[in-house]
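A.B. asks: Build the 3D model from these lines:
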Amino acid sequence: MSQDFTFTIKSLSLDENYQPADSTRITTNFANLARGESRQQNLRNALNMIDNSFNALAHWDNPKGDRYSVELDIISVDMDIEGSGEAFPSIEVLKTNIVDHKTGERIEGIVGNNFSSYVRDYDFSVLLLDHNKDQPQFSIPDNFGDLHGKLFQYFVNSSAYQQHFKKLPVICLSVSDNKTYHRTENKHPVLGFEYEPNESSLTEQYFKKMGLQVRYFMPPNSVAPLAFYFFGDLLNDYTNLELISTISTMETFQKIYRPEIYNANAVAGNCYQPNLKNQDHSITHIVYDREERSKLAIKQGKFAEEHFIKPYQNVLEQWSSSYV
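C.D. replies: Next comes the predicted model:
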């Protein structure tokens, strides 16, 4: 059954001239920036923030703080289920590349970073909402996230992935505002202090089904920890420059989307609870519509239901039950 799934990987440069493709989820961080009157200024400002953040973290042999810049590629993965030529936009991630202006070298960064998926929208914004509509108490449907998790692992193990990328993906998300995080004694030179949550979140459980573990670190110069989802050994499988490329890219996006947490004026202490109502934060000069984003997630979930879940239900169920 599994040989019926073929993946096509496309790459598009994320620069100040970027225009979102029709198949891109418009709630995706970078797509949201590239809309409206301020689109070019938004993108320019965000890319500039990423470069500044990178140089601040990669400060050795970098006296003027301008040695490196980061180039971003949007990686779109289309999935053809029955070899019919009908492709469904399954996931979209970002790939970082590092330019060393001192040596003229271009260094491959990390793939993953931002994670965007229509099927995840379906799971969280359609399936989960419907399941809890008339429930007195919040609960999670049976097998929640199983199909999505298997599809993701199948993609990462595919020859298409291995031909394009040398290392496994790392995805970086914001912390959850209904959890408390405690700082540990563990400190990494680039990732900073490690934090541990008081309990597991639904996102953690969902990503676990994708085969990913999570660790939380607050990098130097940051005010709150970030969640790093990864396979293998996060601290030893990636170089410092690779890790910095992910931190600088994703923290910049979080400063724009979650300024209450990542652009707060106070640094997270030993015991930290993120607060999206925190008024003591700075706003970036980048226009972003957070309310529109949550409405669109439902629309995108319904798109996945209509074009993927329902038409291929039998094929997907059969494949999922046999895929180990």
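A.B. asks: so where do the helices sit in the stretch 151-300 of the chain?
C.D. replies: Per DSSP state H, counting those that start in this stretch, the stretch 151-300 of the chain carries helices over the ranges 159-164, 202-209, 234-237, 240-257, 259-262, 290-304.
A.B. asks: Packing partners of the first one?
C.D. replies: Counting contacts by 3 or more C-beta pairs under 8 Å, 6 or more residues apart in numbering; DSSP states H and E, helix 159-164 is packed against strand 6-14. In short, each C-beta sits where N, CA and C put it, glycine included.
A.B. asks: The fifth one too?
C.D. replies: With contacts taken as 3+ C-beta pairs under 8 Å, 6+ apart, helix 259-262 sits against helix 240-257.
A.B. asks: Low-confidence bits of the protein, can you list those?
C.D. replies: For the chain, the stretches flagged by pLDDT under 70 are 1-4, 21-36, 287-294.
A.B. asks: what secondary structure does the residue of it most remote from its centre sit in?
C.D. replies: Of all residues in the chain, Pro136 has its C-alpha farthest from the mean position, at 32.2 Å, by C-alpha atoms, centre = their mean. The assignment at Pro136 comes out as coil when based on DSSP: H, G, I helix; E, B strand; the rest coil.
A.B. asks: any idea how far it lies from Leu128?
C.D. replies: 16 Å (C-beta to C-beta, to the nearest Å).
A.B. asks: Identify, out of the helices of the stretch 151-300 of the chain, the most deeply packed stretch.
C.D. replies: Scoring the helices of the stretch 151-300 of the chain by mean neighbour count under mean count of other C-beta atoms under 10 Å gives helix 240-257 as the most buried, with a mean of 24.
A.B. asks: ok now it, how far from the chain's centre?
C.D. replies: 10 Å (C-alpha atoms, centre = their mean, to the nearest Å).
A.B. asks: Extract the C-alpha set from it and format it as PDB.
C.D. replies: Once non-C-alpha atoms are left out, helix 240-257 reads as follows in PDB (Å, rounded to 0.1, in the frame of the first residue of the first chain):
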ATOM      1  CA  ASN A 240      26.600  25.400  16.800                       C
ATOM      2  CA  LEU A 241      26.000  27.400  13.600                       C
ATOM      3  CA  GLU A 242      23.200  25.100  12.500                       C
ATOM      4  CA  LEU A 243      21.500  25.500  15.900                       C
ATOM      5  CA  ILE A 244      22.000  29.300  15.800                       C
ATOM      6  CA  SER A 245      20.300  29.400  12.300                       C
ATOM      7  CA  THR A 246      17.200  27.800  13.800                       C
ATOM      8  CA  ILE A 247      17.200  29.900  17.000                       C
ATOM      9  CA  SER A 248      17.700  33.200  15.100                       C
ATOM     10  CA  THR A 249      15.000  32.400  12.500                       C
ATOM     11  CA  MET A 250      12.300  31.100  14.800                       C
ATOM     12  CA  GLU A 251      12.800  33.500  17.700                       C
ATOM     13  CA  THR A 252      12.400  36.300  15.200                       C
ATOM     14  CA  PHE A 253       9.000  34.900  14.100                       C
ATOM     15  CA  GLN A 254       8.000  34.400  17.700                       C
ATOM     16  CA  LYS A 255       8.900  38.100  18.500                       C
ATOM     17  CA  ILE A 256       6.500  39.100  15.800                       C
ATOM     18  CA  TYR A 257       3.700  36.600  16.600                       C
END
